[in-house]
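K.L.:
structure here, sequence nowhere to be found:
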């Protein structure tokens with residue numbers, strides 16, 4: 001039940017009646033007519049911009065349209081009051097029975113309350129994490145993993161057919177460096193002293209990999225030239241690192257649907273086929289790029305190269321796809337990978353990258369636009385840095401990885417649920433401060449605790465109600481007489497519950513799962529406020545001694561709030577807590 005859609009339909013019907021009666025001309029475009037919460041809740045329950053957007057095409061003053069629309073709506077029993085504000089906004093106060101129906105809908109639909117068909121089954125590929133398979137995931141990867149996973153869940157909840165995908169960067173020079181680093185650990189496992197040169201990976205996590213290689217091949221690679229062992233050690237090391245990365249992801253509840261290997265693009269004709277598709281569109285040519293202004297990028301050469309005319313699809317400059325020596329630039333396999341996604345039939349592509357990939361956005365959008373002839377949009381989300389603090393100071397944890405703080409370190413410190421929720425308390429493109437003291441304290445300042453505490457509080461009421469012999473099953477609560485829920489604090493909570501279906505669609509449309517975390521905090525605040533008012537006003541307490549009928553109604557409202565809290569936490573990948581310890 002989306003009450004905002006229901007009231008918008010009511011507004012559109014009223015406008016249609018005005019057209020039929022001659023108060024408005026026929027043929028007006030109603031697409032931009034919106035119904036949404038007013039900026040100031042004191043102004044009403046909902047507001048519509050109908051008069052503002054229709055005034056010019058109708059050739060009328062906004063306020064005149066708003067007044068006529070108010071008169072038309074006032075005859076509907078769902079509208080308690082319709083008031084014109086300012087130049088022509090229309091504020092609506094709804095009948096309390098509508099908020100009661102929202103509570104019943106939440107209890108009746110349970111976990112599906114707020115689920116949307118907006119996506120209409122369109123296929124979406126969400127690529128996230130995609131860390132180089134050279135070591136364990138670090139705290140920066142953690143944010144991208146949580147963001148991408150929550151976004152995938154949000155889109156699925158909004159009716160999209162979602163594929164979660166990890167692109168394994170196993171085709172570049174970094175995996176050769178990994179192989180050489182593992183080989184050093186292999187020698188070390190044989191009792192030899194080794195030295196890690198600059199550019200190798202000295203992290204302790206490779207000790208176990210070197211030992212595992214020794215157990216597998218024995219002394220076969222000792223005193224052998226690199227051409228003998230490089231390829232098999234690279235494959236062995238990459239597989240070991242991906243096993244480590246999968247285990248890291250499992251710690252925070254992330255499971256991928258598909259892993260795509262960059263190496264599978266080489267020597268298979270896939271890169272060539274993608275470039276040929278661009279060539280057929282007249283977008284590949286030989287040329288010399290102008291010297292770049294400012295910092296010189298790695299892929300610029302002052303000589304003739306094979307270039308992709310990415311400026312034809314919105315990029316700032318054309319991009320090299322082949323070096324002067326005939327080898328591919330790093331951009332070429334990325335083009336081929338996204339071409340493969342398009343050929344797999346996805347309707348929308350979403351890439352989640354670290355903030356250091358900002359320069360990648362326009363070129364990738366240009367490539368996808370060109371390869372799909374503008375049919376498949378791609379949204380590239382950049383996740384900014386995470387700064388760790390403890391006791392008010394930057395926090396340095398154990399650096400088993402050698403150079404960075406790992407995902408595993410963070411999760412072992414605070415747990416997966418806290419890690420996930422906190423990672424979503426800022427928009428992805430804003431820096432995030434992760435304070436280990438604050439995320440574990442039990443206060444309103446800690447959003448994780450505050451939301452979980454709301455759920456636990458209601459569950460404590462449910463337990464006490466059962467002990468008092470009250471049937472608090474969702475079915476029984478949905479059938480309770482809710483007419484007594486008329487106090488403003490109760491209706492405030494019901495109004496917030498009613499916003500959930502709308503919020504899901506707004507967040508999914510913008511690809512912004514942090515909106516869910518913000519909403520849950522606000523919903524928990526309204527629930528806590530109602531609970532606390534019960535201390536001073538006994539009539540607002542959820543359990544009314546000796547009055548099971550009134551208790552059932554009040555518990556129904558509280559339980560409806562936790563239905564939404566649990567659904568929202570499910571999208572975020574956080575397990576609800578039924579009891580605070």
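P.N.:
Cool, got the structure. It should be emphasised that the depicted structure is a prediction, and the values quoted were computed from it without experimental measurement.

K.L.:
let me see the ranges of the strands in the stretch 301-450 of the chain.
P.N.:
For the stretch 301-450 of the chain, strands defined by DSSP state E, counting those that start in this stretch occupy the ranges 305-308, 319-322, 348-354, 378-383, 386-390, 393-394, 432-435.

K.L.:
now render those strands as CSV, adding mean pLDDT.
P.N.:
CSV is the format used below for these (pLDDT from 0 to 100):
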stretch, mean pLDDT
strand 305-308, 93
strand 319-322, 94
strand 348-354, 96
strand 378-383, 97
strand 386-390, 88
strand 393-394, 83
strand 432-435, 91
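
K.L.:
ok, which of those strands comes nearest residue 272?
P.N.:
strand 319-322 (10.7 Å; Cβ to Cβ). Every C-beta, even on glycine, is put in place using the N, C-alpha and C of the backbone.

K.L.:
and the strands of the stretch 301-450 of the chain: which comes nearest residue 98?
P.N.:
Short answer: strand 348-354, nearest of the strands of the stretch 301-450 of the chain by Cβ to Cβ, at 34.3 Å.

K.L.:
now for that closest one, which elements pack on it?
P.N.:
The elements that strand 348-354 packs onto, with contact taken as 3 or more Cβ pairs under 8 Å, 6 or more residues apart in numbering; DSSP states H and E, are strand 123-127, helix 139-157, helix 331-343, strand 378-383.

K.L.:
dump the ones you listed to CSV, plus distance to residue 439 and mean neighbour count.
P.N.:
Below are the helices and strands packed on strand 348-354 laid out as CSV (distance: least, Cβ to Cβ, whole Å; neighbours: other Cβ atoms under 10 Å):
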stretch, distance to residue 439, mean neighbour count
strand 123-127, 26, 24
helix 139-157, 13, 25
helix 331-343, 36, 22
strand 378-383, 18, 20
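
K.L.:
next, format these as CSV and append distance to residue 18.
P.N.:
Listed next are the helices and strands packed on strand 348-354 as CSV, based on distance: least, Cβ to Cβ, whole Å:
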stretch, distance to residue 18
strand 123-127, 39
helix 139-157, 36
helix 331-343, 46
strand 378-383, 39
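
K.L.:
for residue 533, find the nearest of the ones you listed.
P.N.:
helix 139-157 (31.9 Å).

K.L.:
pLDDT-wise, which helix or strand of this structure ranks last?
P.N.:
One helix or strand of the chain scores below all others by mean pLDDT, DSSP states H and E: strand 393-394, with a mean of 83.

K.L.:
do you know the pLDDT at the residue of the chain positioned farthest from its centre?
P.N.:
The C-alpha centroid of the chain is most remote from residue 223, which lies 50.0 Å away (Cα atoms, centre = their mean). We have a pLDDT of 93 for residue 223.

K.L.:
looking at this, it is in a strand?
P.N.:
No. Counting by DSSP: H, G, I helix; E, B strand; the rest coil, residue 223 is located in no strand; its state is coil.

K.L.:
list the buried residues of the helix or strand in which residue 260 is found.
P.N.:
Using DSSP states H and E, residue 260 sits within strand 258-261. Buried residues in strand 258-261, counting neighbours by 16 or more other Cβ atoms under 10 Å, are found at 260, 261.

K.L.:
which other residues reach the strand or helix carrying residue 5?
P.N.:
Per DSSP H and E, residue 5 falls inside helix 3-20. Helix 3-20 is contacted from outside by 24-26, 28, 30, 33-36, 46, 48, 50, 54, 68-69, 72-73, 76, 78-79, 92, 94, 98, 101-102, 498-499, 501-502, using Cβ atoms under 8 Å, 6 or more residues apart in numbering.

K.L.:
rerun at 6 Å
P.N.:
24, 26, 30, 35, 46, 48, 50, 69, 72-73, 102, 498, 502 (Cβ atoms under 6 Å, 6 or more residues apart in numbering).

K.L.:
that older thread, nearest to residue 534, out of the strands of the stretch 301-450 of the chain?
P.N.:
Ranking those by their distance to residue 534 (criterion: Cβ to Cβ) puts strand 432-435 first, at 32.1 Å.

K.L.:
mind splitting the protein into its structural domains?
P.N.:
The chain breaks down into these domains under automatic domain parsing: 3-94, 173-251, 448-572.
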